[in-house]
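> Here's my sequence, what's the structure:
(one chain, ligands or ions: 1)
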Amino acid sequence: MSSSPSRSGSVPRHKWTDWRWQMQNRIHSAEALRKWIRPTDDERAAIKRAGDAFRWNVTPYYAHLMAPDDPSCPVRRQAVPTMDEFGPDIVDELDPLDETGHEPVKNLIHNYEDRVAFCVTAECAIYCRYCLRKRMVGDAEYFMRTDEHQAAIDYIAAHDEIRDVLLTGGDPLTFNEANLEWLLSRLRAIDHVELIRFGSRMPVKLPYRITDDLCDLLAQYHPLWINTHFNHPKECTGDAAAAIGRLKDAGIPVGNQTVLLRGVNDDPDTMKALNEGLVRMRVRPYYLYQAQIIGGTGHLRTPIEVGMHIMRQLRGRTSGFAIPDYVLDTPHGKVPLNRSYVKGRAGDHVLMESYDGTLWAEPNPVPEGRDLPFRLPPVDLPPDVDTIPTNGSLEARPASA
Ligand SMILES: *Cc1c(COP(=O)(O)O)cnc(C)c1O
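Predicted structure coming up:
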């Protein structure tokens, strides 16, 4: 994809690629958005209402990826509100993970014993319409003062079981280098903090934020990992790939967390193209999230069976490392949503199904007196067991094996 804006007209390249210019020139109104797309009546009405419910704005860069005349454009669906946001939903929930119930200090979520999610800011370059943290992002009340950042750092320092600190938000890379250095140097000074990681969507919505200066700064705080958030192959632009390249060249492993979204990526072909696009950029797909049950996002959620089917279609049909884990986050942690390939135990065999549906019976006798950590469901080998492939019959193996 071309790296220069197709419809930016008068904006010179050096301004267009300046992240501060992009932040300062974010689009806040249907009127301004008309420079890029023809908003529908529904989108225009929703943009007017969005301010009250959940802040709305878009970077010019992300707007230039939108299809001007197609409201079903996957980029548009993620970032431009529609009246569906204000229609009935099955829930009115704004905090499905009970994050507020797991915050020992403001904006620090300590749910797993050994790691914390630290929402260092409520600011984002773009407010994704399905945002998990709708309750706080874009809201001045959740922006943090220095003493509040310090309180969270003090909590981390006082808890030596915390070995992994995830900086998230909002988007932590909305901070300038001086603020990032302030945070990173304080976290690195804590002996038990082994890993620092960022959750940031900047490579997707504002790739110019990933400057050489930023990468030089981050590289001083290794081991430092980044997870980003691509949802559709259209987002894998030349500029995004260049941003990822700068992070990788600074030695930063980059993973990706996708949210399964109706009309955006809820089919096997799109998901395969997305994950293959990611690994071409050297990004490792990490999680595919089931969309959280958050009020006003019902039009973007899918049945869990859709996600399980997509996962089944990826396995065996693309590189193993192009396949993320499909998970649902809950107040009790992330739950993998797998349709198990392992059917159960039939005596001395474990019966399983391969990616293409072939049954396989693996000879796997349990040694006499051995306590199993758990029991597979008992299954019968089908009557046509002789036709089930196996890597050798038990009887044929030498007694010493
Ligand atoms: C997702 C999450 C983490 C990180 O979990 P990983 O599975 O290690 O990526 C940490 N804390 C909270 C509260 C989270 O939601």
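
> A helix includes Lys343, no?
No. Read with DSSP: H, G, I helix; E, B strand; the rest coil, Lys343 is strand and lies in no helix.

> Straight-line length of stretch 72-85, end to end?
15 Å (CA to CA, to the nearest Å).

> which of the residues in it are buried?
73-82, 84-85 (16 or more other CB atoms under 10 Å). Where C-beta positions appear, they are placed from N, C-alpha and C, glycine not excepted.

> quick check, nearest of those residues to the ligand?
Checking the buried residues of stretch 72-85 against the ligand by CB to the nearest ligand atom gives Gln78 as the nearest, at 20.3 Å.

> Find me the pLDDT at that closest one, would you?
pLDDT, Gln78: 98.

> Excluding chain neighbours, what is closest to it?
Once flanking residues are discounted, Gln78 sits nearest to Cys128: 5.6 Å by CB to CB, 6 or more residues apart in numbering.

> try Leu351
Lys343 (4.4 Å).

> Do I have it right that that neighbour meets Met352?
Yes. Using CB atoms under 8 Å, Lys343 is in contact with Met352, at 5.9 Å.

> what's the overlap in contacts for these two?
Shared contacts of Lys343 and Met352, defined by CB atoms under 8 Å, 6 or more residues apart in numbering, comprise Leu359.

> And the pLDDT at the residue nearest to Leu351?
Reported pLDDT for Lys343: 95.

> Ok, Asp139 next?
Reading off the model, Asp139 has pLDDT 85.

> Make residue 1 into 20 and carry on from there
In the new numbering, first residue 20, that becomes Asp158.

> residue contacts, it?
So, once contact is read as CB under 8 Å, 6+ apart, Asp158 ends up touching 74, 141.

> what's the closest of the buried residues of stretch 91-104 to Gly376?
Pro93 (30.2 Å; CB to CB).

> contacting residues around the closest one?
Per CB under 8 Å, 6+ apart, neighbours of Pro93: 250-251, 253, 282-284, 289.

> try it again with 10 Å
If you count contacts by CB atoms under 10 Å, 6 or more residues apart in numbering, Pro93 has them with 84-86, 250-254, 280, 282-284, 289, 293.

> which of those residues are buried?
Here, 16+ other CB under 10 Å leaves 84-85, 250-254, 280, 283-284, 289, 293 buried among these.

> So which of those are in helices?
Taking DSSP state H as the definition of helices, the buried ones among the contacts of Pro93 contribute 289, 293.

> can you list the buried ones among the contacts of Pro93 in CSV and add pLDDT?
What follows is the buried ones among the contacts of Pro93, written out as CSV (pLDDT from 0 to 100):
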residue, pLDDT
Leu84, 98
Met85, 98
Asn250, 98
His251, 98
Pro252, 98
Lys253, 98
Glu254, 98
Leu280, 98
Val283, 98
Asn284, 98
Thr289, 98
Leu293, 98
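
> What parts of the stretch 70-219 of the chain come near the ligand?
128, 130-131, 134, 136, 185 (CB under 6 Å from any ligand atom).

> mind redoing it with 5 Å?
Residues of the stretch 70-219 of the chain lying close to the ligand by CB under 5 Å from any ligand atom are 128, 130, 134, 136.

> hey, what's the most centrally placed residue in the chain bridged with?
Centroid-nearest residue in the chain: Gln276, 2.1 Å away (criterion: CA atoms, centre = their mean). Applying DSSP bridges to Gln276 gives these bridge partners: Tyr306.

> Hmm, it is touching Tyr306, no?
Yes. Using CB atoms under 10 Å, Gln276 is in contact with Tyr306, at 4.6 Å.

> Now the common contact residues for the two.
246, 248, 343, 346.

> Now render those as JSON lines, adding neighbour count.
Formatted as JSON lines, these follow (neighbours: other CB atoms under 10 Å):
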{"residue": "Asn246", "neighbour count": "20"}
{"residue": "His248", "neighbour count": "21"}
{"residue": "Pro343", "neighbour count": "22"}
{"residue": "Val346", "neighbour count": "19"}
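
> Identify, from those, the entry nearest to Gly315.
Closest to Gly315, out of all of those and judged by CB to CB, is His248, at 19.5 Å.

> wait, isn't the closest one in contact with Val273?
No. Judged on CB under 10 Å, His248 makes no contact with Val273 at a distance of 11.1 Å.

> Find residues that contact each of the two.
By CB under 10 Å, 6+ apart, the residues touching both His248 and Val273 are 219, 222.

> Flag the shaky bits of the stretch 270-419 of the chain, pLDDT-wise.
Under the criterion pLDDT under 70, the flagged ranges of the stretch 270-419 of the chain are 404-419.

> do that again at 50, thanks
415-419 (pLDDT under 50).

> Neighbours of Met42, how many?
16 (other CB atoms under 10 Å).

> quick check, it in a helix?
Yes. Assessed by three-state DSSP, Met42 belongs to a helix.

> sorry, back to before: buried members of the residues of the stretch 70-219 of the chain next to the ligand into ChimeraX, please.
Selection of the buried residues among those in ChimeraX, burial being defined by 16+ other CB under 10 Å:
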select :128,130,134,136
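
> Which of the residues of the stretch 70-219 of the chain next to the ligand fall within helices?
Going by DSSP H, the helices hold none of these.

> could I get the residues of the stretch 70-219 of the chain next to the ligand as CSV with pLDDT?
Formatted as CSV, those follow (pLDDT from 0 to 100):
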residue, pLDDT
Ile128, 97
Asn130, 96
Arg134, 98
Ala136, 98
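
> so where do the strands sit in the stretch 220-369 of the chain?
243-247, 273-279, 303-309, 344-349, 352-355, 361-365, 368-372 (DSSP state E, counting those that start in this stretch).
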